[in-house]
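Asks: Here you go, sequence then predicted model.
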Protein chains: 4
Amino acid sequence: MKVMVDLCVVPIGVGVSVSKHIAACQQVLNEAGLKTHLHAYGTNIEGEWDTVFDAIKRCHEVVHEMGAPRITTTIKVGTRTDRDQTMEDKVFSVKEKLEN
Amino acid sequence: MKVMVDLCVVPIGVGVSVSKHIAACQQVLNEAGLKTHLHAYGTNIEGEWDTVFDAIKRCHEVVHEMGAPRITTTIKVGTRTDRDQTMEDKVFSVKEKLEN
Amino acid sequence: MKVMVDLCVVPIGVGVSVSKHIAACQQVLNEAGLKTHLHAYGTNIEGEWDTVFDAIKRCHEVVHEMGAPRITTTIKVGTRTDRDQTMEDKVFSVKEKLEN
Amino acid sequence: MKVMVDLCVVPIGVGVSVSKHIAACQQVLNEAGLKTHLHAYGTNIEGEWDTVFDAIKRCHEVVHEMGAPRITTTIKVGTRTDRDQTMEDKVFSVKEKLEN
(Lines give C-alpha, C1' and ligand atoms only; values in the text may rest on other atoms or scores of the structure.)
Protein backbone atom coordinates (compact mmCIF):
# COMPACT_ATOMS: atom_id res chain seq x y z
CA MET A 1 0.00 0.00 0.00
CA LYS A 2 1.50 3.30 -1.14
CA VAL A 3 1.24 6.24 1.25
CA MET A 4 1.61 9.98 1.17
CA VAL A 5 2.71 11.15 4.60
CA ASP A 6 3.36 14.45 6.33
CA LEU A 7 5.66 14.05 9.32
CA CYS A 8 6.33 16.56 12.09
CA VAL A 9 8.56 15.35 14.94
CA VAL A 10 8.75 17.56 18.07
CA PRO A 11 11.39 16.68 20.68
CA ILE A 12 10.43 17.87 24.19
CA GLY A 13 12.84 18.62 27.01
CA VAL A 14 15.82 19.63 24.86
CA GLY A 15 15.27 23.39 24.75
CA VAL A 16 13.79 25.54 21.98
CA SER A 17 16.11 24.65 19.15
CA VAL A 18 15.17 21.37 17.56
CA SER A 19 16.61 21.66 14.04
CA LYS A 20 19.44 19.20 14.68
CA HIS A 21 16.87 16.56 15.67
CA ILE A 22 14.85 17.28 12.55
CA ALA A 23 18.03 17.01 10.45
CA ALA A 24 18.71 13.60 12.03
CA CYS A 25 15.20 12.45 11.06
CA GLN A 26 15.76 13.74 7.52
CA GLN A 27 18.93 11.62 7.44
CA VAL A 28 16.94 8.55 8.53
CA LEU A 29 14.39 9.15 5.75
CA ASN A 30 17.15 9.61 3.17
CA GLU A 31 18.89 6.41 4.26
CA ALA A 32 15.60 4.56 3.86
CA GLY A 33 15.59 5.71 0.24
CA LEU A 34 12.36 7.62 0.66
CA LYS A 35 11.27 10.51 -1.51
CA THR A 36 10.80 13.58 0.70
CA HIS A 37 10.08 17.30 0.60
CA LEU A 38 11.05 19.33 3.66
CA HIS A 39 8.80 22.32 4.36
CA ALA A 40 8.51 24.84 7.20
CA TYR A 41 6.24 22.67 9.38
CA GLY A 42 7.20 19.10 8.54
CA THR A 43 8.27 16.76 5.78
CA ASN A 44 6.21 15.23 2.97
CA ILE A 45 7.12 11.57 2.40
CA GLU A 46 6.08 9.24 -0.39
CA GLY A 47 6.62 5.49 -0.27
CA GLU A 48 5.36 2.07 0.75
CA TRP A 49 3.50 1.89 4.10
CA ASP A 50 6.02 -0.38 5.85
CA THR A 51 9.14 1.44 4.63
CA VAL A 52 7.71 4.79 5.68
CA PHE A 53 6.53 3.68 9.13
CA ASP A 54 9.73 1.75 9.85
CA ALA A 55 11.62 4.98 9.12
CA ILE A 56 9.33 7.00 11.40
CA LYS A 57 9.92 4.52 14.23
CA ARG A 58 13.66 4.83 13.59
CA CYS A 59 13.31 8.65 13.84
CA HIS A 60 11.88 8.27 17.35
CA GLU A 61 14.72 5.93 18.34
CA VAL A 62 17.37 8.29 16.95
CA VAL A 63 15.90 11.42 18.56
CA HIS A 64 15.72 9.63 21.94
CA GLU A 65 19.34 8.49 21.48
CA MET A 66 20.27 12.15 20.88
CA GLY A 67 19.01 12.89 24.39
CA ALA A 68 15.37 13.88 24.02
CA PRO A 69 13.40 12.31 26.90
CA ARG A 70 10.07 12.95 25.24
CA ILE A 71 8.80 13.26 21.67
CA THR A 72 5.42 14.20 20.28
CA THR A 73 4.95 13.60 16.58
CA THR A 74 2.13 14.42 14.20
CA ILE A 75 1.67 12.19 11.16
CA LYS A 76 -0.84 12.71 8.39
CA VAL A 77 -1.18 9.65 6.18
CA GLY A 78 -3.13 9.41 2.95
CA THR A 79 -3.91 6.28 0.96
CA ARG A 80 -6.08 5.86 -2.10
CA THR A 81 -7.19 2.91 -4.17
CA ASP A 82 -8.70 4.85 -7.08
CA ARG A 83 -5.44 6.01 -8.62
CA ASP A 84 -1.73 6.68 -8.19
CA GLN A 85 -0.78 10.20 -7.21
CA THR A 86 2.65 11.64 -6.48
CA MET A 87 3.50 14.64 -4.30
CA GLU A 88 4.07 16.67 -7.46
CA ASP A 89 0.68 15.61 -8.85
CA LYS A 90 -1.09 16.88 -5.72
CA VAL A 91 0.56 20.29 -5.83
CA PHE A 92 0.16 20.57 -9.61
CA SER A 93 -3.51 19.70 -9.41
CA VAL A 94 -4.15 22.68 -7.09
CA LYS A 95 -1.89 25.14 -8.93
CA GLU A 96 -3.51 24.30 -12.26
CA LYS A 97 -6.90 25.30 -10.85
CA LEU A 98 -5.48 28.52 -9.45
CA GLU A 99 -4.31 29.66 -12.85
CA ASN A 100 -7.69 29.21 -14.49
CA MET B 1 8.90 1.20 22.70
CA LYS B 2 5.60 2.09 24.33
CA VAL B 3 3.45 4.70 22.58
CA MET B 4 0.52 6.92 23.34
CA VAL B 5 -1.37 7.59 20.13
CA ASP B 6 -4.33 9.65 19.04
CA LEU B 7 -5.88 8.33 15.85
CA CYS B 8 -8.37 10.07 13.58
CA VAL B 9 -9.29 8.21 10.37
CA VAL B 10 -11.27 10.16 7.72
CA PRO B 11 -12.68 8.17 4.77
CA ILE B 12 -13.17 10.34 1.67
CA GLY B 13 -15.59 9.66 -1.13
CA VAL B 14 -18.21 7.79 0.90
CA GLY B 15 -20.51 10.69 1.79
CA VAL B 16 -20.80 12.63 5.03
CA SER B 17 -21.55 9.81 7.43
CA VAL B 18 -18.39 7.99 8.43
CA SER B 19 -19.29 6.47 11.79
CA LYS B 20 -19.56 2.91 10.44
CA HIS B 21 -15.96 3.19 9.18
CA ILE B 22 -14.82 4.51 12.54
CA ALA B 23 -16.64 1.65 14.26
CA ALA B 24 -14.80 -0.82 12.00
CA CYS B 25 -11.47 0.74 13.04
CA GLN B 26 -12.48 0.51 16.69
CA GLN B 27 -13.14 -3.19 16.10
CA VAL B 28 -9.66 -3.60 14.60
CA LEU B 29 -8.09 -1.92 17.64
CA ASN B 30 -10.11 -4.09 20.01
CA GLU B 31 -9.12 -7.27 18.18
CA ALA B 32 -5.47 -6.21 18.48
CA GLY B 33 -5.99 -6.16 22.25
CA LEU B 34 -5.16 -2.45 22.48
CA LYS B 35 -6.30 -0.18 25.27
CA THR B 36 -8.38 2.62 23.75
CA HIS B 37 -10.53 5.61 24.63
CA LEU B 38 -12.91 6.88 21.96
CA HIS B 39 -13.55 10.63 22.05
CA ALA B 40 -15.41 13.07 19.79
CA TYR B 41 -12.46 13.69 17.42
CA GLY B 42 -10.48 10.47 17.47
CA THR B 43 -9.33 7.58 19.62
CA ASN B 44 -6.56 7.48 22.23
CA ILE B 45 -4.53 4.27 22.00
CA GLU B 46 -1.90 2.91 24.37
CA GLY B 47 0.43 0.06 23.47
CA GLU B 48 3.65 -1.13 21.90
CA TRP B 49 4.78 0.74 18.76
CA ASP B 50 4.53 -2.25 16.39
CA THR B 51 1.17 -3.50 17.67
CA VAL B 52 -0.34 -0.04 17.42
CA PHE B 53 0.98 0.74 13.93
CA ASP B 54 0.10 -2.71 12.58
CA ALA B 55 -3.45 -2.05 13.77
CA ILE B 56 -3.51 1.40 12.13
CA LYS B 57 -2.38 -0.13 8.82
CA ARG B 58 -5.14 -2.74 9.21
CA CYS B 59 -7.65 0.11 9.73
CA HIS B 60 -6.69 1.58 6.35
CA GLU B 61 -7.05 -1.83 4.69
CA VAL B 62 -10.46 -2.45 6.28
CA VAL B 63 -11.82 1.02 5.44
CA HIS B 64 -10.71 0.62 1.81
CA GLU B 65 -12.35 -2.84 1.74
CA MET B 66 -15.57 -1.17 2.96
CA GLY B 67 -15.51 0.88 -0.24
CA ALA B 68 -13.68 4.11 0.64
CA PRO B 69 -11.46 5.03 -2.34
CA ARG B 70 -9.45 7.52 -0.31
CA ILE B 71 -8.51 7.94 3.35
CA THR B 72 -6.73 10.73 5.18
CA THR B 73 -5.68 9.95 8.73
CA THR B 74 -4.12 12.06 11.44
CA ILE B 75 -1.95 10.30 14.02
CA LYS B 76 -0.36 11.91 17.04
CA VAL B 77 2.27 9.67 18.64
CA GLY B 78 4.06 10.30 21.91
CA THR B 79 7.02 8.37 23.30
CA ARG B 80 9.06 9.04 26.41
CA THR B 81 12.13 7.47 27.95
CA ASP B 82 12.02 9.29 31.30
CA ARG B 83 9.06 7.43 32.76
CA ASP B 84 6.00 5.30 32.14
CA GLN B 85 2.74 7.16 31.79
CA THR B 86 -0.73 5.79 31.09
CA MET B 87 -3.66 7.61 29.44
CA GLU B 88 -5.24 7.94 32.89
CA ASP B 89 -2.02 9.40 34.35
CA LYS B 90 -1.97 12.12 31.69
CA VAL B 91 -5.56 13.19 32.30
CA PHE B 92 -5.18 12.93 36.10
CA SER B 93 -2.03 15.04 36.03
CA VAL B 94 -3.90 17.94 34.40
CA LYS B 95 -7.08 17.58 36.49
CA GLU B 96 -5.08 17.54 39.71
CA LYS B 97 -3.57 20.92 38.81
CA LEU B 98 -7.00 22.33 37.96
CA GLU B 99 -8.35 21.58 41.40
CA ASN B 100 -5.55 23.39 43.22
CA MET C 1 -20.65 28.82 12.56
CA LYS C 2 -20.54 26.03 15.15
CA VAL C 3 -17.31 24.05 15.44
CA MET C 4 -16.08 20.83 16.93
CA VAL C 5 -12.43 21.21 17.80
CA ASP C 6 -9.66 19.02 19.15
CA LEU C 7 -6.88 21.07 20.72
CA CYS C 8 -3.40 19.91 21.70
CA VAL C 9 -1.03 22.61 22.99
CA VAL C 10 2.66 21.66 23.35
CA PRO C 11 4.94 24.15 25.16
CA ILE C 12 8.59 23.83 24.08
CA GLY C 13 11.60 24.86 26.13
CA VAL C 14 10.07 24.29 29.57
CA GLY C 15 11.20 20.73 30.21
CA VAL C 16 9.27 17.47 29.91
CA SER C 17 6.41 18.20 32.28
CA VAL C 18 3.76 20.30 30.63
CA SER C 19 0.63 19.45 32.62
CA LYS C 20 0.51 22.81 34.43
CA HIS C 21 0.44 24.58 31.06
CA ILE C 22 -2.36 22.30 29.86
CA ALA C 23 -4.26 22.98 33.08
CA ALA C 24 -3.90 26.74 32.44
CA CYS C 25 -5.38 26.25 28.94
CA GLN C 26 -8.23 24.22 30.41
CA GLN C 27 -8.90 27.15 32.76
CA VAL C 28 -9.00 29.55 29.78
CA LEU C 29 -11.51 27.30 28.00
CA ASN C 30 -13.66 27.03 31.13
CA GLU C 31 -13.65 30.81 31.62
CA ALA C 32 -14.78 31.20 28.01
CA GLY C 33 -17.79 29.08 28.92
CA LEU C 34 -16.89 26.41 26.39
CA LYS C 35 -18.02 22.81 26.58
CA THR C 36 -14.92 20.61 26.76
CA HIS C 37 -13.79 17.02 27.21
CA LEU C 38 -10.19 16.48 28.29
CA HIS C 39 -8.59 13.27 26.97
CA ALA C 40 -5.09 11.80 27.03
CA TYR C 41 -3.87 13.61 23.89
CA GLY C 42 -5.82 16.87 23.82
CA THR C 43 -9.17 18.46 24.55
CA ASN C 44 -12.42 18.28 22.59
CA ILE C 45 -14.15 21.65 22.41
CA GLU C 46 -17.63 22.52 21.16
CA GLY C 47 -18.76 26.09 20.49
CA GLU C 48 -19.01 29.02 18.10
CA TRP C 49 -16.00 29.57 15.78
CA ASP C 50 -15.03 32.98 17.19
CA THR C 51 -15.41 32.05 20.86
CA VAL C 52 -13.35 28.89 20.39
CA PHE C 53 -10.53 30.53 18.41
CA ASP C 54 -10.37 33.56 20.72
CA ALA C 55 -9.88 31.11 23.58
CA ILE C 56 -7.17 29.22 21.69
CA LYS C 57 -5.32 32.50 21.06
CA ARG C 58 -5.64 33.30 24.77
CA CYS C 59 -4.14 29.86 25.56
CA HIS C 60 -1.02 30.76 23.56
CA GLU C 61 -0.77 34.12 25.36
CA VAL C 62 -1.16 32.50 28.78
CA VAL C 63 1.35 29.71 28.11
CA HIS C 64 3.92 32.25 26.87
CA GLU C 65 3.26 34.37 30.01
CA MET C 66 3.99 31.25 32.10
CA GLY C 67 7.47 31.26 30.57
CA ALA C 68 7.30 29.01 27.52
CA PRO C 69 9.39 30.62 24.76
CA ARG C 70 7.90 28.42 22.07
CA ILE C 71 4.59 26.61 21.52
CA THR C 72 3.45 24.19 18.84
CA THR C 73 -0.24 23.44 18.80
CA THR C 74 -2.33 21.03 16.77
CA ILE C 75 -5.96 21.93 16.13
CA LYS C 76 -8.50 19.77 14.36
CA VAL C 77 -11.64 21.70 13.45
CA GLY C 78 -14.83 20.25 12.04
CA THR C 79 -17.80 22.17 10.66
CA ARG C 80 -20.92 20.87 8.98
CA THR C 81 -23.91 22.49 7.35
CA ASP C 82 -26.05 19.37 6.96
CA ARG C 83 -26.97 18.96 10.61
CA ASP C 84 -26.16 19.76 14.23
CA GLN C 85 -24.00 17.26 16.04
CA THR C 86 -22.68 17.35 19.59
CA MET C 87 -19.56 15.66 20.98
CA GLU C 88 -21.83 13.08 22.62
CA ASP C 89 -23.65 12.43 19.33
CA LYS C 90 -20.38 11.66 17.57
CA VAL C 91 -19.22 9.16 20.18
CA PHE C 92 -22.70 7.62 20.49
CA SER C 93 -22.95 7.20 16.73
CA VAL C 94 -19.80 5.05 16.68
CA LYS C 95 -20.59 3.08 19.85
CA GLU C 96 -24.07 2.26 18.59
CA LYS C 97 -22.56 0.66 15.48
CA LEU C 98 -20.10 -1.32 17.59
CA GLU C 99 -22.86 -2.99 19.56
CA ASN C 100 -24.70 -4.23 16.50
CA MET D 1 1.48 37.69 17.78
CA LYS D 2 3.15 36.28 14.70
CA VAL D 3 2.31 32.68 13.75
CA MET D 4 3.65 29.95 11.55
CA VAL D 5 0.77 27.73 10.48
CA ASP D 6 0.31 24.55 8.51
CA LEU D 7 -3.21 24.23 7.13
CA CYS D 8 -4.87 21.14 5.67
CA VAL D 9 -8.55 21.49 4.74
CA VAL D 10 -10.45 18.29 3.90
CA PRO D 11 -13.95 18.67 2.41
CA ILE D 12 -16.17 15.63 3.10
CA GLY D 13 -19.15 14.55 1.03
CA VAL D 14 -17.98 15.95 -2.31
CA GLY D 15 -16.26 12.88 -3.73
CA VAL D 16 -12.57 12.03 -3.90
CA SER D 17 -11.30 15.03 -5.83
CA VAL D 18 -10.85 18.02 -3.59
CA SER D 19 -8.24 20.09 -5.43
CA LYS D 20 -10.72 22.76 -6.53
CA HIS D 21 -11.66 23.34 -2.88
CA ILE D 22 -7.99 23.59 -1.92
CA ALA D 23 -7.43 26.05 -4.79
CA ALA D 24 -10.31 28.18 -3.46
CA CYS D 25 -8.67 28.22 0.00
CA GLN D 26 -5.36 29.21 -1.59
CA GLN D 27 -7.20 32.10 -3.26
CA VAL D 28 -8.60 33.19 0.13
CA LEU D 29 -5.10 33.14 1.65
CA ASN D 30 -3.68 35.13 -1.28
CA GLU D 31 -6.45 37.73 -1.04
CA ALA D 32 -5.64 38.12 2.67
CA GLY D 33 -2.11 39.03 1.60
CA LEU D 34 -0.60 36.10 3.47
CA LYS D 35 2.75 34.53 2.67
CA THR D 36 2.18 30.86 1.82
CA HIS D 37 3.92 27.74 0.57
CA LEU D 38 1.73 25.01 -0.87
CA HIS D 39 3.04 21.47 -0.36
CA ALA D 40 1.69 17.99 -0.99
CA TYR D 41 -0.20 17.72 2.33
CA GLY D 42 -1.18 21.27 3.18
CA THR D 43 -0.07 24.88 3.08
CA ASN D 44 2.48 26.71 5.23
CA ILE D 45 1.25 30.18 6.21
CA GLU D 46 3.15 33.00 7.90
CA GLY D 47 1.44 36.07 9.34
CA GLU D 48 -0.30 37.74 12.26
CA TRP D 49 -2.58 35.50 14.38
CA ASP D 50 -5.82 37.35 13.60
CA THR D 51 -5.19 37.72 9.85
CA VAL D 52 -4.33 34.04 9.54
CA PHE D 53 -7.28 32.73 11.56
CA ASP D 54 -9.76 35.09 9.88
CA ALA D 55 -8.57 33.65 6.56
CA ILE D 56 -8.94 30.07 7.81
CA LYS D 57 -12.52 30.81 8.92
CA ARG D 58 -13.18 32.31 5.47
CA CYS D 59 -11.81 29.08 3.90
CA HIS D 60 -14.46 27.06 5.78
CA GLU D 61 -17.20 29.46 4.65
CA VAL D 62 -16.05 29.34 1.02
CA VAL D 63 -15.73 25.54 0.93
CA HIS D 64 -19.22 25.16 2.40
CA GLU D 65 -20.54 27.67 -0.19
CA MET D 66 -18.98 25.46 -2.88
CA GLY D 67 -21.27 22.67 -1.70
CA ALA D 68 -19.27 20.70 0.86
CA PRO D 69 -21.65 19.72 3.68
CA ARG D 70 -18.80 18.79 6.02
CA ILE D 71 -15.19 19.86 6.48
CA THR D 72 -12.45 18.54 8.72
CA THR D 73 -9.34 20.68 8.92
CA THR D 74 -6.01 20.17 10.62
CA ILE D 75 -4.08 23.25 11.71
CA LYS D 76 -0.62 23.29 13.24
CA VAL D 77 0.23 26.65 14.76
CA GLY D 78 3.60 27.71 16.12
CA THR D 79 4.39 30.86 18.11
CA ARG D 80 7.64 31.90 19.75
CA THR D 81 8.68 34.82 21.90
CA ASP D 82 12.43 34.18 21.85
CA ARG D 83 13.04 35.28 18.28
CA ASP D 84 11.61 35.95 14.84
CA GLN D 85 11.76 33.07 12.40
CA THR D 86 10.48 32.89 8.83
CA MET D 87 9.44 29.78 6.89
CA GLU D 88 12.72 30.01 4.96
CA ASP D 89 14.71 30.24 8.21
CA LYS D 90 13.14 27.04 9.50
CA VAL D 91 13.92 25.05 6.36
CA PHE D 92 17.41 26.57 6.04
CA SER D 93 18.21 25.74 9.66
CA VAL D 94 17.57 22.03 9.03
CA LYS D 95 19.28 21.91 5.62
CA GLU D 96 22.38 23.60 6.99
CA LYS D 97 22.75 20.83 9.57
CA LEU D 98 22.27 18.15 6.93
CA GLU D 99 25.19 19.41 4.89
CA ASN D 100 27.64 19.30 7.81
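Replies: Cool, got the structure. Numbers count the residues shown, from 1 in each chain, chains lettered A, B, ... in the order given.

Asks: only C-alpha atoms for contact and neighbour calcs from this point on.
Replies: Will do.

Asks: Which stretches in chain A count as helices?
Replies: For chain A, helices defined by DSSP state H occupy the ranges A:19-31, A:49-65, A:87-99.

Asks: Dump those into a markdown table; add mean neighbour count and distance to chain D as well.
Replies: Below are the helices of chain A laid out as a markdown table (neighbours: other Cα atoms under 10 Å in any protein chain shown; distance: least, Cα to the nearest Cα, whole Å):
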| stretch | mean neighbour count | distance to chain D |
| --- | --- | --- |
| helix A:19-31 | 19 | 5 |
| helix A:49-65 | 18 | 14 |
| helix A:87-99 | 15 | 5 |
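
Asks: Comparing the ones you listed, which yields the minimum mean pLDDT?
Replies: If you rank the helices of chain A by mean pLDDT, helix A:87-99 sits at the bottom with a mean of 93.

Asks: Point out the residues in chain A that sit beside chain C.
Replies: A:12-16, A:69-70 (Cα under 8 Å from any Cα of the partner chain).

Asks: Which PyMOL command selects the buried ones in the residues you listed?
Replies: Buried members of the residues of chain A next to chain C, defined by 16 or more other Cα atoms under 10 Å in any protein chain shown, are picked up in PyMOL with:
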select buried, chain A and resi 12+13+14+16+69+70
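
Asks: Strands - which of the residues of chain A next to chain C land there?
Replies: A:12, A:70 (DSSP state E).

Asks: possible to save the residues of chain A next to chain C as CSV with pLDDT and distance to A:Met87?
Replies: CSV is the format used below for the residues of chain A next to chain C (pLDDT from 0 to 100; distance: Cα to Cα, whole Å):
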residue, pLDDT, distance to A:Met87
A:Ile12, 97, 29
A:Gly13, 96, 33
A:Val14, 96, 32
A:Gly15, 94, 33
A:Val16, 93, 30
A:Pro69, 97, 33
A:Arg70, 97, 30
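
Asks: how about the helices of chain A, which one is nearest chain B?
Replies: helix A:49-65 (7.3 Å; Cα to the nearest Cα).

Asks: which strands and helices sit next to the closest one?
Replies: When contacts are defined as 3 or more Cα pairs under 8 Å, 6 or more residues apart in numbering or on different chains; DSSP states H and E, helix A:49-65 packs onto strand A:2-12, helix A:19-31, strand A:70-80, helix B:49-65.

Asks: Tell me which of the ones you listed sits nearest to D:Ile45.
Replies: strand A:2-12 (15.7 Å; Cα to Cα).

Asks: Say whether chain D is contacted by that closest one.
Replies: Yes: using Cα under 8 Å from any Cα, strand A:2-12 reaches chain D at A:5-6.

Asks: Please name every helix or strand in contact with that strand.
Replies: Against strand A:2-12 (3+ Cα pairs under 8 Å, 6+ apart) you get strand A:42-48, helix A:49-65, strand A:70-80.

Asks: Nearest to chain D among the residues of chain A next to chain C?
Replies: Distances from chain D to the residues of chain A next to chain C, taken by Cα to the nearest Cα, are shortest for A:Val16, at 8.7 Å.

Asks: Surely that closest one and C:Ile71 touch.
Replies: No: contact between A:Val16 and C:Ile71 fails when scored by Cα atoms under 8 Å: they sit 9.3 Å apart.

Asks: overlap in contacts of these two?
Replies: Residues touching both A:Val16 and C:Ile71 (Cα atoms under 8 Å, 6 or more residues apart in numbering or on different chains): C:Ile12.

Asks: Neighbours of A:Lys2, how many?
Replies: Using other Cα atoms under 10 Å in any protein chain shown, A:Lys2 has 18 neighbouring residues.

Asks: wait, doesn't it sit right on A:Glu48?
Replies: Yes: with contact defined as Cα under 8 Å, A:Lys2 counts as touching A:Glu48 (4.5 Å).

Asks: Minimum distance to D:Gln27: which of the helices and strands packed on strand A:2-12 has it?
Replies: The nearest among the helices and strands packed on strand A:2-12, by Cα to Cα, is strand A:42-48 at 22.4 Å.

Asks: ok, and what's touching the closest one?
Replies: A:1-9, A:34-38, A:52, A:86-87, D:39-41.

Asks: Filter these down to the buried ones.
Replies: Using 16+ other Cα under 10 Å as the burial test, the contacts of strand A:42-48 include A:2-9, A:34, A:36, A:38, A:52, A:87, D:39-41 as buried.

Asks: Pull the contacting residues for the closest residue to A:Lys95 other than its chain neighbours.
Replies: Nearest non-adjacent residue to A:Lys95, counting by Cα to Cα, 6 or more residues apart in numbering or on different chains: D:Ala23, 7.0 Å away. By Cα under 8 Å, 6+ apart, the contact list for D:Ala23 reads A:94-95, A:97-98.
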